[in-house]
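[1] Take a look and give me a structure for this.
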Amino acid sequence: MTERPDEQDGPTEGPANDDAVWRSIIDNYGDRPEIKDPAEPVAPIIPASVSQEQAADIADIADDWDDPEDHFTPPPPPVPQHATGARLAAWVGIFGVPAVMLVCLLAGWTVPSPVGLLFLCWFVGGFVYLVATMRKDPPDDWYDDGAVI
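    Numbering: from 1, shown residues only. As a prediction, this is how the structure comes out:
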């Protein structure tokens, strides 16, 4: 085994120490630590102040913990709803109209006044529609107790 630079006697500053550190890294490059077999069960650590009954309960819980069939799998998420009709037109007005106007501005195209007024009304109307149709109360699933056992 090579001597580690932090175990050397004498000063630990300067280029000689740097060379020793690099030499140690190069010498030990590729060495892998030994890992225990993951299939071996790990016994829970039980403090000495715990009674035998409590220790047995802890061991039972630890045994149940490793059961792969006992793990929680969440239900699949609900399918997202797609906007249709007036709501889709409102979202296109909110995001599509500014995008079209930006492209026209960057390309140097002039938008006729009636089209510009239509775009402005579409944008404002879409915003007003979306705000007016917002849900007033929080959804019912906000009032649950938290975790389900």
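[2] show me what contacts residue 110?
    When contacts are counted by Cβ atoms under 8 Å, 6 or more residues apart in numbering, residue 110 is found next to residue 104. From N, CA and C alone the C-beta is placed, and that goes for glycine too.
[3] rerun at 6 Å
    With Cβ atoms under 6 Å, 6 or more residues apart in numbering as the criterion, no residue contacts residue 110.
[4] for it, phi and psi?
    phi -100, psi 140 (degrees, to the nearest 10).
[5] Tell me the spacing between it and residue 96.
    Taking Cβ to Cβ, to the nearest Å as the measure, residue 110 falls 19 Å from residue 96.
[6] Please apply the same query to residue 59.
    From residue 59 to residue 96 the distance is 63 Å (Cβ to Cβ).
[7] Name the helix or strand of this structure that has the lowest mean pLDDT.
    Least confident helix or strand, the chain: helix 52-65 with a mean of 71, by mean pLDDT, DSSP states H and E.
[8] Tell me the helix or strand right after that one.
    Next helix or strand after helix 52-65 toward the C-terminus (DSSP states H and E): helix 86-91.
[9] Quick one: neighbours of residue 125, just the number.
    Neighbourhood size, residue 125 [other Cβ atoms under 10 Å]: 15.
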